[in-house]
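Student: what's the 3D shape of this:
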Amino acid sequence: MARENARRPTTAASERAPAGRPATVSPDRQSRSLSGKERRLLAVLGVPTLTMAYSTTVVSTYLPVVARSFTHSAVAIGLILAGEGLTALFIPLLAGSWSDSLRARGGSRLTFLLAGTPVAAASLAVLGLVGTLPAMGVLVATFFAGNFFSYEPYRALYPDLLPEEIAGRGQGTQAVWRGAGTIVALAGGGLLLSAWTNLPFLLGAALETAGALLLAALLPKVSERAHGRRLWPQRSELGKGAQDVFARSRQLLTEHRELRLYLGANLLWELSLGALKTFIVLYVTRGLGRSLAAASLIIGAVAVIILAGAIASGKLADRLGAIRVMRIGLWIYGCALAVLIFTHATPVIVAMAPLIAFGGGLTMTLPYAILIPLMPKRGHGMLTGFYSLSRGLGVMLGPLLAGVAIQLLGPLFPGTHGYAAMWIVSSGAILLSIPILGRLRADVAGRRRAGTRARAAAKELGAR
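Tutor: Next comes the predicted model:
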C-alpha cells in the first residue's frame, strides 16, 4: 500500500476543494524540482500547443495581409478575425464541460481533440484559396470552431495531470511550445506567403493533424508511467446538456466574485493581444514601410524574446506567486505599449520591443496558471471553457476596436498611415486590467487568511 501511495501524483488544491467551490491555494506550498517523468509528460502534452499556435498565428497575423487584396478597410479585416471571438462565446464552455462528463477509454479530452482537429484542418487547408471576404469569414469561423472544440478539453489535461505546485512551470512549458509555434509562424509565414498564398495555411493543417495524432498515441503511455495508473479507464455517458452547462456556469459566476474578476481581466489581456496580432504585420509593412520578408524576420526575432519571457514568468510564478508576477509585469508591458502611441522613431521602437515582447510572453503564460487554483473540483473542463469564453470576447473585440481606431484616428497618425492607433487599444486594455487584478489578488489573499484561521481553530479545538 505504501508503494502504491508513493506512485500517486500530488493532489492539486483544485481536487481537494469542495464541489462547486474554487480551491484555496495552500499557503505553505513549496516550489520543487520537476521529476523526469513529469518532464516527459510536459513534453508530450505540449505538442498540440505548438501546432495550434502555428496555425492560429498564421491566421491571425497573415490572413489580414491576404484580405487586403479584397479590401482596404481595417474594420472589415477586424470583422473577419472577430470570427474567432464569436465561436468562443459558446463552443469552449460546452466542449470543456462535456469533456468533464465523458470518460472514454484513453481520456475524454483526447476524444474531443480528435473530433475537432479535422474540422479545423480542413478549413485551414483551403483558407488561402478563397477569393471573397464572405467565404474567408465563413472559413475563419469554422477553423476556430474546430480549434476551440478540441483545444479546451485538451488544455484541461494540464490541471488534470499536474500537481498544483508545478502549475506555473507547467504553463511555462506550454508557453515554450506555444512560443516555438508562434516563432515559426511569424518568421516563416511571410516567406511561405510570398511563395504561394495558400502555403502557410496548408502547412498549418498538416501540422495540426500530426500533433493531435501524436498526442493520442503517446499520452496514455506517458501518463501511466508518471502516475502509476491508466488514464480514465472507465466509460460513462455524456451527462450534461447545453442548458445545464450554462445554468451551472451562471451559478459559479454569481457565487464567486474572484471568478468574475479573473474573467474580466483575462478579457482585457486577450483584447490587447488580439489587436496587436491582427495589425502588427500591417503596421510594420504599411506603417513603417518594410517588406513582408523583413517584417517576418523582425517579428520572428521579437517572438524569441516572447519565448524567453514565457519561460521566465512560469518559473517566477511558482516561486513568487502568479498574480504578483503578473501585476508587476503588466505595468511594464502597458507603459511600453503606450510609448509607441506617440512616436514611430526606429530607436524608440527598438528600445520598447524587448519590453513589449516580454510582456506578451507574460500574458500568454500566466493567465491560465492564475485560474488553476480557482477551479472547482471536477470542473477543469468547464473552467477552461470559461477561460476561453473570456479570451474569445477579448479576441473578438480587440481586432474590431483596433480596426475602428485605425479607421477613425488614422489622420492623427499620418507617419504610419493610421496603424499606430492600434497601440491605443492594446495599451489601454493592459492598463485597465491592473486594478481588476489588484482586486482579485485581495480576494484571494483574504480567502487564504480565512482558511488559515479556520485550520488553526480546528487544530485548537482538536487539541482540547
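
Student: which residues touch the residue most central in space within the chain?
Tutor: Among the residues of the chain, the one closest to the centroid is Met364, at 5.7 Å (C-alpha atoms, centre = their mean). Taking C-beta atoms under 8 Å, 6 or more residues apart in numbering as the criterion, Met364 is in contact with Ala175, Arg178, Gly179, Leu273, Ile306, Ala310. No exception for glycine: its C-beta is placed from N, CA and C like everyone else's.

Student: again, only this time at 6 Å
Tutor: Contact analysis of Met364 by C-beta atoms under 6 Å, 6 or more residues apart in numbering lists Ala175, Ala310.

Student: quick one: pLDDT of Met31?
Tutor: Heads up, residue 31 is Ser, not Met. pLDDT recorded at Ser31 is 52.

Student: before we move on, the earlier item: how near is the residue nearest to the centre of the chain to Phe358?
Tutor: Separation of Met364 from Phe358 (C-beta to C-beta, to the nearest Å): 11 Å.

Student: what's the answer for Pro134, then?
Tutor: From Pro134 to Phe358 the distance is 39 Å (C-beta to C-beta).

Student: the more surrounded of those two?
Tutor: Ranked by neighbour count (other C-beta atoms under 10 Å), Pro134 and Phe358 place Phe358 first, with 21 against 10.

Student: Locate the more buried one within the secondary structure: which element?
Tutor: Element membership for Phe358 (DSSP states H and E) is helix 346-371.

Student: Following element in sequence after that helix, please.
Tutor: Once the chain leaves helix 346-371, the next helix or strand it forms, by DSSP H and E, is helix 380-409.

Student: what angle sits between that next one and helix 346-371?
Tutor: 150 degrees (axes from the mean of the first three to the mean of the last three C-alpha atoms, to 10 degrees).

Student: and helix 380-409, what does it pack onto?
Tutor: Judged by 3 or more C-beta pairs under 6 Å, 6 or more residues apart in numbering; DSSP states H and E, helix 380-409 is in contact with helix 74-81, helix 83-87, helix 91-101, helix 133-155, helix 257-282, helix 422-463.

Student: same question for it, mean pLDDT?
Tutor: Here the average pLDDT along helix 380-409 is 79.

Student: Look up phi and psi at Thr132.
Tutor: The phi/psi pair for Thr132 (degrees, to the nearest 10) reads phi -130, psi 150.

Student: and it, how far is that from Trp331?
Tutor: Computed with C-beta to C-beta, the distance linking Thr132 and Trp331 is 44 Å.

Student: out of those two, which sits in the more crowded spot?
Tutor: Neighbour count, other C-beta under 10 Å: between Thr132 and Trp331, Trp331 has more, with 13 against 9.

Student: Find the nearest non-adjacent residue to the more buried one, please.
Tutor: Spatial nearest neighbour of Trp331, chain neighbours left out: Ile434 (6.6 Å); criterion: C-beta to C-beta, 6 or more residues apart in numbering.

Student: Leu330 is in contact with that neighbour, correct?
Tutor: Yes: assessed by C-beta atoms under 6 Å, Ile434 is found in contact with Leu330 at 5.2 Å.

Student: More neighbours: which of the two?
Tutor: More neighbours surround Leu330 than the other of Ile434 and Leu330, with 23 against 17 (other C-beta under 10 Å).

Student: From Lys277, how far off is the more buried one?
Tutor: Applying C-beta to C-beta, the value for Leu330 to Lys277 is 18 Å.

Student: Just give the number of residues close to the nearest residue to Ile370 once chain neighbours are set aside.
Tutor: Nearest residue to Ile370, sequence neighbours excluded (C-beta to C-beta, 6+ apart): Ala322, at 4.7 Å. Ala322 has 25 neighbours, counted by other C-beta under 10 Å.

Student: what's the distance between Ala322 and Leu199?
Tutor: From Ala322 to Leu199 the distance is 38 Å (C-beta to C-beta).

Student: cool, Pro153 as well?
Tutor: For Pro153 relative to Leu199 (C-beta to C-beta), the value is 30 Å.

Student: got it, and Pro220?
Tutor: As judged by C-beta to C-beta, Pro220 and Leu199 stand 34 Å apart.

Student: again with Thr365
Tutor: Distance from Thr365 to Leu199, by C-beta to C-beta: 30 Å.

Student: what about those two, which has more around it?
Tutor: Thr365 (31 against 17).

Student: excluding its backbone neighbours, what's nearest the more buried one?
Tutor: Nearest in space to Thr365, with sequence neighbours left out and distances taken as C-beta to C-beta, 6+ apart, is Ala175 at 4.0 Å.

Student: residue contacts, that neighbour?
Tutor: Counted by C-beta under 6 Å, 6+ apart, Ala175 has contacts Ala310, Met364, Thr365.

Student: Quick one: distance of the one helix or strand it maps to to the chain centre.
Tutor: Using DSSP H and E, the element containing Ala175 is helix 167-195. Computed by C-alpha atoms, centre = their mean, to the nearest Å, the chain-centroid distance of helix 167-195 equals 12 Å.

Student: Could you pull up the mean pLDDT of the next helix or strand after it?
Tutor: Elements were assigned by DSSP H and E; along the chain past helix 167-195, the next helix or strand is helix 199-227. Helix 199-227 comes out with an average pLDDT of 82.

Student: now the angle from helix 199-227 to helix 133-155?
Tutor: 10 degrees.

Student: Please pull out the lowest mean pLDDT helix or strand from the chain.
Tutor: Least confident helix or strand of the chain, by mean pLDDT, DSSP states H and E, is helix 13-16 with a mean of 37.

Student: before we move on, the earlier item: from the contacts of Ala175, which one has the minimum pLDDT?
Tutor: Ala310 (73).

Student: my guess is that one contacts Gly179, does it?
Tutor: Yes: under the criterion of C-beta under 6 Å, Ala310 makes contact with Gly179 at 5.3 Å.

Student: quick one, phi/psi of Phe70?
Tutor: Per-residue torsions, Phe70: phi -100, psi -30 (degrees, to the nearest 10).

Student: same thing with Val126?
Tutor: Torsion angles, degrees, to the nearest 10, at Val126: phi -120, psi 10.

Student: separation between it and Phe143?
Tutor: 10 Å.

Student: Mind checking which of those two has more residues around it?
Tutor: Legend: neighbour count by other C-beta under 10 Å for Val126 and Phe143, higher for Phe143 (29 against 14).
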